[in-house]
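J.: model this:
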Amino acid sequence: MTRVLLLADTHLPKRARDLPEQVWQAVDDADVVVHAGDWVDLATLDRLEARSRHLVAVVGNNDGADLRARLPEVATAEIGGVRFAVVHETGGKLGREARCEAAYPDADVLVFGHSHIPWDTTTPRGLRLLNPGSPTDRRRQPHCTYLTLTARDGALSDVVLHRLPARAE
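T.: All right, here's what the predicted structure looks like:
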């Protein structure tokens with residue numbers, strides 16, 4: 001059993017000074033942390049690398065040259081027998097399933113970010129699309145969010161979208 005934390009769009013320090021303590025606790029509890037881009041600062045990558053048992057991460061559209069030098073645009077990993085692909089952007093929501101199915105034929109799960117909107121759908125082929133939202137910038141969403149799940153024997157279970165408490169603005 002592998003406990004996985006999914007994050008995206010942390011945008012530090014522009015959207016918050018730090019990740020919420022609840023997210024840092026989830027990092028400590030996870031066997032694998034997946035980050036789908038838009039870090040904005042290198043310090044967050046360094047801290048997450050240092051605190052994670054294993055980090056799978058990609059660069060986002062708001063990330064500068066320093067992050068681009070260290071992170072790929074697409075990452076893949078097998079976690080608990082599940083084939084994960086990670087990317088920041090997948091394009092608009094209309095036609096997303098078909099585009100992603102064609103672009104990631106060898107993945108069981110595609111983790112993505114960019115929109116800050118939580119997403120959980122499965123394509124006709126069975127590709128699971130997961131966007132954890134953002135733990136620091138809810139945009140038009142009612143809550144800041146992140147996802148946890150368990151990967152075991154080639155299957156996902158316990159997929160939970162966590163809502164973070166509102167912080168003082």
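J.: residues near E78, how many?
T.: 11 (other Cβ atoms under 10 Å). Quick note: C-beta positions are derived from backbone N, CA and C, even for glycine.
J.: quick one: contacts for it?
T.: Each residue near E78 by Cβ atoms under 8 Å, 6 or more residues apart in numbering is listed here: F84.
J.: mind checking how far it is from A85?
T.: According to Cβ to Cβ, to the nearest Å, E78 and A85 sit 11 Å apart.
J.: Number of residues surrounding the nearest residue to A57 once chain neighbours are set aside?
T.: Distances taken as Cβ to Cβ, 6 or more residues apart in numbering put H35 closest to A57, at 4.2 Å, once the chain neighbours are dropped. Number of residues near H35 (other Cβ under 10 Å) recorded here: 30.
J.: now swap in D66 and tell me
T.: By other Cβ under 10 Å, 12 other residues sit near D66.
J.: One more: N61?
T.: With other Cβ under 10 Å as criterion, N61 counts 11.
J.: ditto for V27
T.: 18.
J.: Wait, it touches S52, no?
T.: Yes - the pair V27 / S52 is scored as a contact, 5.9 Å apart, by Cβ atoms under 8 Å.
J.: shared neighbours, the two?
T.: With Cβ under 8 Å, 6+ apart as the test, V27 and S52 both reach V33.
J.: Contact partners for the closest residue to L19 other than its chain neighbours?
T.: Closest residue to L19 apart from its sequence neighbours, by Cβ to Cβ, 6+ apart: P135 at 6.0 Å. Counting by Cβ under 8 Å, 6+ apart, P135 touches 7, 10, 19-20, 23, 144-146, 164.
J.: what's the answer for R128, then?
T.: Here R128 is in contact with 108-110, 120-122, 156 (Cβ under 8 Å, 6+ apart).
J.: Swap in 7 Å and give it another go.
T.: Shown in contact with R128 (Cβ atoms under 7 Å, 6 or more residues apart in numbering): 108-109, 122, 156.
J.: what does T90 give?
T.: Counting by Cβ under 7 Å, 6+ apart, T90 touches 96, 99-100, 112.
J.: follow-up on the earlier one: which among the contacts of R128 gets closest to A69?
T.: For the contacts of R128, the residue nearest A69 by Cβ to Cβ is V109; the value is 26.8 Å.
J.: these two touch, right, the closest one and V82?
T.: Yes - taking contacts as Cβ atoms under 7 Å, V109 lies within contact range of V82: 5.8 Å.
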